Each structure stands twice: as C-alpha cells, then as structure tokens.
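Peer 1: Sequence and predicted model, in that order:
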Amino acid sequence: MIALFTDPIEYDADELRKAMKGIGTNENTLFEIIASRCPGILRQIIAKFNEKYKRDLEKDVKSETSGTLRKLLIAWLQCIRSTHVNPNPEQSKAIAEEMYKAGEAKMGTDESVFNKYFWLYLLSN
C-alpha cells in the first residue's frame, strides 16, 4: 500500500538503496529497475538517489556488482540508449526463441546468448 502512495521515482530510488544496503546485494532488484526504465526516467531516479542518500548511484552499483552484470548496469546508467525503437517482428521472434532455448528450454543457462543480445542492444543505441 505504501508503494501506491509513493512517488514512483522516489520509490525506485529507495528500492535501489535497499537492494545495496547492508550485507549482500539484491542484484535482481538492481537489474529490474535499471534495465527497465527509459533514459529520461532513469536520469530522474539517479538524481533522486544521489540527492536523498548523498551517495553516487553509479559508484554504489560498481562497488556492489561485478562481471558482466556490472558492465550492463553501468552502461544502462549512462542513459545513452535510444528510446526510438522500430522492432522487426520476425527478428524479435527469432531472438526470443534463441533466448528461450538458451535458458528455459534446457538444464542450466547459456549466458553468452543473453549477453550477446544485451550488448548488441546497448551498442546499437
């Protein structure tokens, strides 16, 4: 109920802080918020986080994550991706099928498939 009455920008900033505060990091929360917000909204979240907590969100993410996840999150925090996407339905379906086969359709996960598409997306925008 509290979330329903909280400004969405502030709520996301609070959730990001909670995800990194204390022992351990909730990487799922970081990924969900940072990867799913458009650059304009993400800029507002970054500003709110930095203002409210007197901390630098990007520095916190760098210190709390590692590897490919860190690279992806930091790239998204740069807010340089395009919001003007003209999806190709056939190509989107083929990518979705490949990602499904790399994850859900087998034992274990072939992360290289996911990384390939995340990086292609980031570099193309």
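Peer 2: Cool, the structure landed. A quick note: this is a predicted structure, and the numbers were derived from the prediction, not measured. Numbers count the residues shown, from 1 in each chain.
Peer 1: now this protein, which segments are flagged as low pLDDT?
Peer 2: Residues of the chain that meet the criterion pLDDT under 70 lie in 81-85, 105-109, 118-125.
Peer 1: can we see that at 90?
Peer 2: For the chain, the stretches with pLDDT under 90 are 1-5, 35-36, 38-39, 67-69, 71-72, 75-76, 78-125.
Peer 1: Okay, and the residue positioned nearest the centre of it sits in which element?
Peer 2: Nearest residue to the geometric centre of the chain (C-alpha atoms, centre = their mean): Ala35, 2.3 Å. Applying DSSP states H and E as the criterion places Ala35 in helix 27-36.
Peer 1: could you dump that helix to CSV, C-alpha only?
Peer 2: C-alpha atoms of helix 27-36 as CSV (Å, rounded to 0.1, in the frame of the first residue of the first chain):
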residue,chain,number,x,y,z
GLU,A,27,21.0,-8.0,-8.0
ASN,A,28,17.5,-8.9,-9.3
THR,A,29,16.2,-5.6,-8.0
LEU,A,30,19.1,-3.6,-9.5
PHE,A,31,18.6,-5.3,-12.8
GLU,A,32,14.8,-4.9,-12.8
ILE,A,33,14.8,-1.2,-12.1
ILE,A,34,17.9,-0.1,-14.0
ALA,A,35,17.3,-2.2,-17.1
SER,A,36,13.6,-1.5,-17.5
